[in-house]
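Undergrad: pasting the structure only:
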């Protein structure tokens, strides 16, 4: 336990000092804040246009935002988590695994009475704590901005859903952290270590959903998961491939938790896929042996 | 052609206000094997980088075989060869491909024959089509020397050439240096910590201390000047710790 | 041989031997081909549904013949172009960054610069090599997707289609070379390699993913569940009148979108290939009239990136101390 806590603490210190995770973090927090601003701007614009349309006698429909759940304004955060959050998690994982290899301090660490699983678990715990703090901050920003946009503080039910959404986000990001850590351990070069998990992320986020739903890549940059084209091979493909696209399952879970009426699916199944992705990654990571971790770094 | 291979006058180099080298006045005759000694951070690599035109001086001047390094850097680059410390190559390329590349950059239009001649001279044949990525430190050093002498430079700069070599590798390198000087008349400028090698290889030495030249003389004169000292190591440490005059 | 050509030749040899780079280019190739197969299969499904519907009509005694779905082969390339836009840009950054990173991480810069090479030959040589490498890669990618469209989509190509493909390929080449040149310049000018990689990745994230996505988010039709006009129950003829009220908002949205060079690449290429319905089957002259600003922006950005790479990849910058 001491090893785990020591490594976790070391991880937090290092993350505070490293620039790439910090820059990505800033981009992420800014985008979530901007997303809220855009939500407010669009809400105001559409409401003004609705008013003018009513006055011109072109419609008698109520304001389209009347029955929309307050959590609807958080939906763009889903895509920022899939884009920026996942990439940030990969970079943090790779950086953490590479740190001791690059500084050549790995032998100083491993020549001490610690086990490799404890060493790696400590990294995972430290990064997990860092991600939890960031997501807590982002949750507060979301809660505050939604309350401002809607003109009323979110109630307990909606607040609980928001917390649940960010908890699921934490699980998704931890899955990508394990991917980054594994890549950092197994790769012989720093560039490879970064690019392999990013390639895997692009397969998971774009290629698999495209095969399963025929959706084009850019349309997948949408908080709402793609709807399959019914008929033919796509039904079968979607059944087989959709559980592998953890990002699409995250969109489904998020949409259901946030009460997005456009999203359908099974929350338990989506949550299961996300938890499984994290669990499998963590198990493979903790099974890494000493020789593997000490692999030489080229360049 | 001048008899002076390297001359520096008031050569200085500062990085962000910190002086790495101060008022270096150095004269090295053609045909010498000069060993530059000094503690870590004394300015040895800075000196080599200045003389090989990789850095520009903050003050002072330098000529290599009579060519001013600032006024005509390309002129200097044509007549020097350089082996950096822990030389690296393009791992995916073979010995021939790496040397062909550097040979062409040095102005050799058809370098293959020359490359084979140099590799033969260095007793490094049979590895032409092997990728450099698979080579040991000693093998890389051979390829490193090869690239440095392909274009028959007048002056060869070696930065810590024995770093990381085993005793046999050190001996082989010594034999090469001595042969290049004897057979080709090459002036050799060498940074090194290995004082035993300096004794066996160099004809003159200089000692840097905190960025300044504390001592320069021929090796023979040095050994004569310190008759009470048992080795060059004792002489070096004596000079190193002497109070500033 | 000039030092530029010597450096370019060596660089191409090195790129050819880099198995990792070949793997990621192979990955892009597989992704773009899959995309065409998926689009063609989707069209096939649509056609099957149409035929089923037609059979049902006939069985019910109807003589109506609804319009059959029409295959425009080049429209099947939409996903492939989007993959080049997103993943191609990322891998172009890696290639450009890598050509300088590997020199900085070894002592090969000293070996190069201690030789009598001309001032810009290192930059020019590496850019030339990247240009040739991307030319080959784009040719292979476009060859593969064209063949896939022909085989899986059972399509034939008219001479005008070939012209469109060549224009699209040339634009893709410029787009990818732009990202490589930018990354090369960043790797040269940054004191630390990690800084260059950070800046390049953040630029990719912002320009390729975030800005276009914000533009999409700001579309009012995407903000309201079920779509704006549907929820307002606006009749089709009145939609224009409603849209006029969004003019200011839309110009902000459009302004944001065009700040991304990726959007320029996408708009021009979609227009050329007829992916955008407005330009489908239109002569290239008409496409040019509507999208010349996108094409010019794209090529200007590529030239500026190349200039940035050349003027920042200097002896002084590359050999300066990083500690």
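TA: Right, received. Where do you want to start? All figures in this text were calculated on a predicted structure; none of them were measured in a lab. Residues are numbered from 1 along each chain as shown, chains lettered A, B, ... in the order given.

Undergrad: please make it C-alpha for all contacts and neighbour counts, starting now.
TA: Will do.

Undergrad: average pLDDT for the host helix or strand of residue C:49?
TA: Under the criterion of DSSP states H and E, residue C:49 resides in helix C:19-59. Average pLDDT, helix C:19-59: 87.

Undergrad: show me which residues of chain C sit near chain B.
TA: C:1, C:3, C:6-7, C:10, C:13-14, C:17-18, C:106-108, C:110-117, C:315-316, C:319 (CA under 8 Å from any CA of the partner chain).

Undergrad: are any of those residues buried, and which?
TA: Buried residues within those, counting neighbours by 16 or more other CA atoms under 10 Å in any protein chain shown: C:3, C:6-7, C:10, C:14, C:106-108, C:110-117, C:315, C:319.

Undergrad: buried residues of stretch A:45-60, list them for me.
TA: Result for stretch A:45-60 [16+ other CA under 10 Å]: buried residues A:45, A:46, A:47, A:49, A:50, A:53, A:54, A:58, A:59.

Undergrad: and these near chain C, which?
TA: Applying CA under 8 Å from any CA to the buried residues of stretch A:45-60, those adjacent to chain C are A:45, A:46, A:49, A:50, A:53, A:58, A:59.

Undergrad: how close does the residue of the stretch 201-323 of chain C found nearest chain B sit to chain A?
TA: Residue nearest to chain B within the stretch 201-323 of chain C (CA to the nearest CA): residue C:319, separated by 6.9 Å. According to CA to the nearest CA, to the nearest Å, residue C:319 and chain A sit 18 Å apart.

Undergrad: next secondary structure after the helix or strand harbouring residue C:174?
TA: With elements taken from DSSP H and E, the one containing residue C:174 is helix C:159-189. Counting by DSSP H and E, the next helix or strand C-terminal to helix C:159-189 is helix C:193-204.

Undergrad: next, the angle helix C:159-189 makes with that next one.
TA: Taking axes from the mean of the first three to the mean of the last three CA atoms, to 10 degrees, one finds helix C:193-204 and helix C:159-189 inclined to each other by 150 degrees.

Undergrad: what packs against helix C:193-204?
TA: Applying 3 or more CA pairs under 8 Å, 6 or more residues apart in numbering or on different chains; DSSP states H and E, we find helix C:193-204 packed against helix A:19-55, helix C:89-105, helix C:159-189.

Undergrad: do that again at 7 Å, thanks
TA: helix C:89-105, helix C:159-189 (3 or more CA pairs under 7 Å, 6 or more residues apart in numbering or on different chains; DSSP states H and E).

Undergrad: give me the contacts around that helix.
TA: A:20, C:90, C:93, C:101, C:183, C:186, C:187, C:190 (CA atoms under 7 Å, 6 or more residues apart in numbering or on different chains).

Undergrad: the helix or strand just after it - what's its average pLDDT?
TA: Per DSSP H and E, the first helix or strand lying C-terminal to helix C:193-204 is helix C:211-217. What helix C:211-217 shows for mean pLDDT is 81.

Undergrad: again, but for stretch C:240-254
TA: 77.

Undergrad: could you check how far residue A:93 is from chain C?
TA: Residue A:93 is 15 Å from chain C, by CA to the nearest CA.

Undergrad: just to revisit the earlier point, and the residue of the stretch 201-323 of chain C closest to chain B, what does it touch?
TA: residue B:54.

Undergrad: tell me the pLDDT of it.
TA: Taking residue C:319 on its own, its pLDDT is 87.

Undergrad: flag the shaky bits of chain B, pLDDT-wise.
TA: Counting by pLDDT under 70, chain B has low-confidence residues at B:1-2, B:229-230, B:243-245.

Undergrad: and the residue of it closest to chain C?
TA: Closest residue of chain B to chain C, CA to the nearest CA: residue B:74 (4.7 Å).

Undergrad: quick check: chain neighbours aside, which residue is closest to that residue?
TA: residue C:116 (4.7 Å; CA to CA, 6 or more residues apart in numbering or on different chains).

Undergrad: spell out the secondary structure type for the one you found.
TA: Here residue C:116 is recorded as coil under DSSP: H, G, I helix; E, B strand; the rest coil.

Undergrad: over to residue B:161?
TA: Residue B:161 - assigned by three-state DSSP - is coil.

Undergrad: next, the contact list for it, please.
TA: Counting by CA under 7 Å, 6+ apart, the residues that residue B:161 touches are residue B:85.

Undergrad: got the phi/psi numbers for it?
TA: phi -70, psi -20 (degrees, to the nearest 10).

Undergrad: separation between it and chain A?
TA: Taking CA to the nearest CA as the measure, residue B:161 and chain A are separated by 21 Å.

Undergrad: would you point out the most distant pair within the contacts of helix C:193-204?
TA: Farthest-apart pair in the contacts of helix C:193-204 is C:90 and C:190; separation 18.9 Å (CA to CA).

Undergrad: neighbour-wise, which of these two wins?
TA: Using other CA atoms under 10 Å in any protein chain shown as the criterion, residue C:90 and residue C:190 rank with residue C:90 on top: 22 against 17.
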